[in-house]
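Asks: A predicted structure for the sequence below; I have some questions about it.
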Amino acid sequence: MHNKTSMTRRQALRLLGAAAAGLTLGGLPKWALGAPSSAASLPIPTLIDARDGEAVTLVLQKNRHRFGSGGAVPSSGISASYLGPVVRVRSGDTIPFRVENRLGEETTLHWHGLLIPSGVDGGPHNTIQPGAVWTPELKFNQPAATTWFHPHPHGNTARQVYGGLAGLMIVSDGGDRDRGLPMTYGVDDIPLVLQDKRFGRDGELVYEPTMMDLMHGFQGDTLLVNGAIEPVASVPAGFVRLRLLNAANARNFDLRFADERPFFVVAGDAGLLPEPVEVRTLVIAPAERYEVLVDFSDGRPVDFVTAPDTHHGDGPGMMMQMGRTGAPIDGIERFMRFRPDHALTATVTRLPRKLVKLPAPDIRSAVEWRTFVLNPMQGMNMAGMQAMTGAAGGAARDSGHDHAAAAQMMGINGRSFSMDRVDVTTKLGTSEIWEIVSTAMAHPFHMHGVSFRILSNNGKPPSAEQSGLKDVVLVSERAEVLVRFENLATPRMPFMYHCHILEHEDHGMMGQFAVV
Ligand code: C2O
Ligand code: CU
Ligand code: CU
């Protein structure tokens, strides 16, 4: 049985929530109902400290994993039972990778956030056949950042990532000590891979998207941190750095601490911010990363929670979400708990002031302006709806061979993704302004092989925590970004741009660009 006590409590709350129908649960949020029942300690992924020139092996494999207090259930992992190791590299180094595919089906491994040429990017063109080994050599040359890696096979990314195939890569520049940032891995520099899942009766991972799930993205009712349900982390009673990755297929998390303490954003997707940015809540969209500093010097245990995802519009998505999760009225759900421990040495007790120099985006450098309209269900009709539903059922039965049939249902600028069509050709060494327009719901837009600066989002300048180097932007209406193209992508091996709601990506909300 999977995490029996916790599920029972969740079910009880669901019933209460339904009964209350508009009332609060006596003002008692879910996270206030006592300590996590499973109280597993936070799993810390194995750290691979990569050395210049020395090979790093990553094995994509099927496995079994214990998510909660129940038994082990089928999962996938990268050299692990679920998720992957944290690979730490130094900018300037060259690392040969050996990526082994032991999944029994075709895959790829994409380096999300690395500024590298398309030949080694791991997108849908860099396929690794079952049993094969892919050996890209990666030359790291970019600012310090928390990046990640995940499969990207054509039409089958959502299922493979959902099963557990994702890991973090830290690009360091050796400057954190001088900046005064916490840097002891697993102690005061902690990776947190955030996900939401659905579990079946026997505690097994469930991925059977309905047509509604494909339309809005597949969301779960159980939160995971590093593959664990409501774990507890012991931390030093000082400043701790959390490297946050939203590795959910579709859900935006609205992060905060239960006691509403402030915390400090020090980095966005692709690099450090000029100085820490104080926040009390932080929305993190699928594929986004943030590094934050949290002060635990008061010694008090505190829950790390999320508020509901309000970025799916107020249409059927919102209804679906409320109906399915049946969360308590305030909708707060707990990821995990932090427990300060005075036995652990707090090495950072002061908030750093200055982190990096970051010039304002130079919009005059742009040589081109392009517009991308993300169209969910483009060209939708009855036949299309049936094709999509059919594909969802078929995928559940035979791991995704019918996805091609459904791939026509979403698009960008009225066209669905095609492996054989290069949509945009840009010039190496130039910058462009890309305008992204969302219809019906918010989409997290991502580009391969580049980082960008957000110029505006919904007509406003970006918030301070979003104004650094980025590779994902959550677009609810219209955003403009300034992109610089510094890595080669031939028309035969183009880069991708796409919505990072993985169901949208797999069903055609993706395009290809060359950099020549
Ligand atoms: Cu996270 Cu196309 O990728
Ligand atoms: Cu990517
Ligand atoms: Cu989308």
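Replies: Sure, I can see it. These figures come from a predicted structure and were not determined experimentally. Ligands and ions are numbered 1, 2, ... in the order given.
Asks: every contact and neighbour count from this point should use C-alpha atoms.
Replies: OK.
Asks: quick check: Glu54 touching Arg98?
Replies: No. Using Cα atoms under 8 Å, Glu54 is not in contact with Arg98, being 10.7 Å away.
Asks: who's more crowded, those two?
Replies: More neighbours surround Arg98 than the other of Glu54 and Arg98, with 16 against 12 (other Cα atoms under 10 Å).
Asks: that one contacts Ile128, correct?
Replies: No. In this structure, Arg98 is not within contact of Ile128 by Cα under 8 Å, at 11.2 Å.
Asks: find residues that contact each of those two.
Replies: Trp134 (Cα atoms under 8 Å, 6 or more residues apart in numbering).
Asks: beta partners of whatever residue of the chain ends up closest to ligand 1?
Replies: The minimum distance from the chain to ligand 1, using Cα to the nearest ligand atom, falls at His112 (4.8 Å). Going by DSSP bridges, His112 is paired in beta bridges with Trp148.
Asks: how many neighbours does it have?
Replies: His112 has 28 nearby residues by other Cα under 10 Å.
Asks: what residues does stretch 222-236 touch?
Replies: So stretch 222-236 is contacted by 36, 38-45, 66-68, 82-83, 187-188, 192-199, 296-297, 333-346 (Cα under 8 Å, 6+ apart).
Asks: for it, how far is the first residue from the last?
Replies: This stretch, stretch 222-236, spans 28 Å end to end (Cα to Cα, to the nearest Å).
Asks: looking at that stretch now, give me its mean pLDDT.
Replies: For stretch 222-236, mean pLDDT is 98.
Asks: now do stretch 277-294
Replies: 98.
Asks: adjust the sequence numbering to begin at 834 for everything that follows.
Replies: Sure, I'll start numbering at 834, so the last one becomes stretch 1110-1127.
Asks: who's in contact with it?
Replies: Against stretch 1110-1127 from outside (Cα under 8 Å, 6+ apart): 979-980, 1072-1090, 1093-1102, 1277, 1297-1298, 1304-1305, 1307, 1333-1334.
Asks: next, the buried residues of that stretch.
Replies: Buried residues in stretch 1110-1127, counting neighbours by 16 or more other Cα atoms under 10 Å, are found at 1110, 1112, 1114-1127.
Asks: related to what we said a few turns ago, just the pLDDT at the residue of the chain closest to ligand 1, thanks.
Replies: Here the pLDDT value assigned to His945 is 98.
Asks: pretty sure it sits against His1281.
Replies: Yes. Using Cα under 8 Å, His945 makes contact with His1281 at a distance of 6.9 Å.
Asks: for the closest residue to ligand 3 within the stretch 1134-1283 of the chain, what are its contacts?
Replies: Of all residues in the stretch 1134-1283 of the chain, His1276 sits closest to ligand 3, at 4.1 Å by Cα to the ion. Contacts for His1276 were tallied using Cα under 8 Å, 6+ apart; they are 1207, 1307-1309, 1332-1334.
Asks: tell me how far Lys895 lies from ligand 3.
Replies: Distance from Lys895 to ligand 3, counting by Cα to the ion, to the nearest Å: 28 Å.
Asks: which residues does that residue bridge with?
Replies: Bridge pairing for Lys895 - DSSP bridges - gives Ser909.
Asks: any idea how many residues pack against Gly904?
Replies: 15.
Asks: can you pull the contacts of the closest residue to ligand 2 within the stretch 1134-1283 of the chain?
Replies: Closest to ligand 2 within the stretch 1134-1283 of the chain is His1281: 4.5 Å, counting by Cα to the ion. His1281 makes contact with 945-946, 954, 1304, 1328-1330 under the criterion Cα under 8 Å, 6+ apart.
Asks: Ala1273 - that's part of a helix, no?
Replies: No. Per DSSP: H, G, I helix; E, B strand; the rest coil, Ala1273 lies outside any helix segment and is coil.
Asks: quick check: it vs Arg1311, distance?
Replies: For Ala1273, the distance to Arg1311 - Cα to Cα - is 12 Å.
Asks: neighbour-wise, which of those two wins?
Replies: Legend: neighbour count by other Cα under 10 Å for Ala1273 and Arg1311, higher for Arg1311 (20 against 16).
Asks: go ahead and confirm the more buried one touches Glu1268.
Replies: Yes. With contact defined as Cα under 8 Å, Arg1311 and Glu1268 form a contacting pair (7.0 Å).
Asks: what residues does the helix or strand encompassing Trp1202 touch?
Replies: Element membership for Trp1202, per DSSP states H and E: strand 1199-1208. Under the criterion Cα under 8 Å, 6+ apart, residues 1243-1247, 1263-1272, 1276, 1315, 1332, 1342 lie in contact with strand 1199-1208.
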